[in-house]
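Participant: I'd like to go over a predicted model; first the sequence, then the structure.
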Amino acid sequence: MNAPAPRRKKGWMNLEVTRIVDETWDTKTFYLEDAVDKGCPFDYIAGQYLTLRFNDITERPVARSYTMSSSPSQAGFSALTIKRVEGGLVSNWMCDQLKVGDTVKALGPIGKFCFDPVKFRPHLVMLGAGSGVTPFVSMAREYADRLGTPGAPEKMTLLVAYRSKLDLICWDDLVVLNKVPGVSIITTLTREDARSEGFLHGRPDDAMFRELLKVTYGTSSYMTCGPEAMMNQFVDFLKAENIAPEDIHLESFGN
């Protein structure tokens, strides 16, 4: 029997903000449901994104894309985790102005930055920084409790960089996920030395990659999302380590 076609609304959807959670001092998670029918009106794959359109921020409509931090297994809603960025038009407006009960126009789900059980190797290795962690939070939420089963990786390793302990986006979930057998979440702080508390210290660099990832060569697919310079450095490192191009995947968005 063929699997049912995924649910998807054509064109722009009206999604209502039903809850807002302060993740950090500059980052919020917005929970969204269908403005009329409630619940999540579409099926999606962990790692996909929504494109939001706002008609009233400037004279002309503006659109931005944000990866969902929720996972498909979290029924009834989708969620976007948005971080303020210096000069960020839409992200800053959302964090400052959007409130529970407001409606946003959204298009999607969109994107191929997802774990592919056919093309990917069994160990999924992820590198994120700041709000670039959101697709990996979605993937970890989706696959952690079914590692090694059909359609899921066998192991997951996430290296994530934050500036300080004040910037730990989705931290409560990551702490819980890190306790799941087969899941390893490694956190480095770039502007605070908290090695006594189990964090690494410093920006992700070749030395850090080599120390943490050398045991993953040959069995892993690699994904990265975050600042362009970090992603490029990671890709260059992996290529220098003779990782095949088809095992390297990256994605980034504007603000």
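Facilitator: Looks like it arrived, so ask away.
Participant: what's the nearest residue to Gly226 if we skip its chain neighbours?
Facilitator: Once flanking residues are discounted, Gly226 sits nearest to Gly132: 3.0 Å by C-beta to C-beta, 6 or more residues apart in numbering. (Glycine included, C-beta is placed from N, CA and C.)
Participant: Please determine how far that neighbour is located from Ile186.
Facilitator: Gly132 sits 15 Å away from Ile186, going by C-beta to C-beta, to the nearest Å.
Participant: you'd agree Ile243 is in a helix?
Facilitator: No - per DSSP: H, G, I helix; E, B strand; the rest coil, Ile243 lies outside any helix segment and is coil.
Participant: Let's see the pLDDT reported for the residue nearest to Gly226.
Facilitator: With respect to pLDDT, Gly132 has a value of 92.
Participant: Quick check: the gap between it and Gly148.
Facilitator: 27 Å.
Participant: Pick out whichever of these two has more residues nearby.
Facilitator: Between Gly132 and Gly148, Gly132 has the larger neighbour count (other C-beta atoms under 10 Å), namely 24 against 12.
Participant: Strands along this protein, start to end?
Facilitator: Using DSSP state E, the strands of the chain run over 13-24, 27-34, 49-54, 62-67, 78-83, 103-110, 123-129, 155-162, 183-189, 200-201, 220-225, 248-251.
Participant: Give me the contacts around the fourth one.
Facilitator: For strand 62-67, contacts defined as C-beta atoms under 8 Å, 6 or more residues apart in numbering pick out 47-54, 80-82, 89-91, 110-111, 113, 134-135, 138, 225, 251, 253-255.
Participant: could you redo the last one with a cut-off of 7 Å?
Facilitator: With C-beta atoms under 7 Å, 6 or more residues apart in numbering as the contact definition, strand 62-67 has outside contacts at 47, 49-54, 80, 82, 89-90, 134-135, 138, 253-255.
Participant: cool, the second one as well?
Facilitator: Where contact means C-beta under 7 Å, 6+ apart, the residues beyond strand 27-34 that reach it are 13, 15-23, 39-41, 69, 77-83, 95, 98, 131, 169.
Participant: Buried subset of the residues you listed as a ChimeraX selection?
Facilitator: Selection of buried members from the contacts of strand 27-34 for ChimeraX, criterion 16 or more other C-beta atoms under 10 Å:
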select :13,15,16,17,18,20,23,40,41,69,77,78,79,80,81,82,83,95,98,131,169
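Participant: For stretch 86-93, buried residues please.
Facilitator: For stretch 86-93, by 16+ other C-beta under 10 Å, it's Gly88, Val90, Ser91, Asn92, Trp93.
Participant: who's in contact with the last one?
Facilitator: Meaning Trp93. Trp93 sits in contact with Ile57, where contact means C-beta under 7 Å, 6+ apart.
Participant: low pLDDT regions in the stretch 151-255 of the chain?
Facilitator: Scanning the stretch 151-255 of the chain with the threshold set as pLDDT under 70 gives 252-255.
Participant: if we go to 80?
Facilitator: Applying pLDDT under 80 to the stretch 151-255 of the chain flags the ranges 251-255.
Participant: If I take the top helix by length along the chain and strand 220-225, what angle do their directions form?
Facilitator: When the chain is parsed with DSSP state H, its longest helix is helix 228-240. With axes from the mean of the first three to the mean of the last three C-alpha atoms, to 10 degrees as the basis, helix 228-240 and strand 220-225 are set at 160 degrees to each other.
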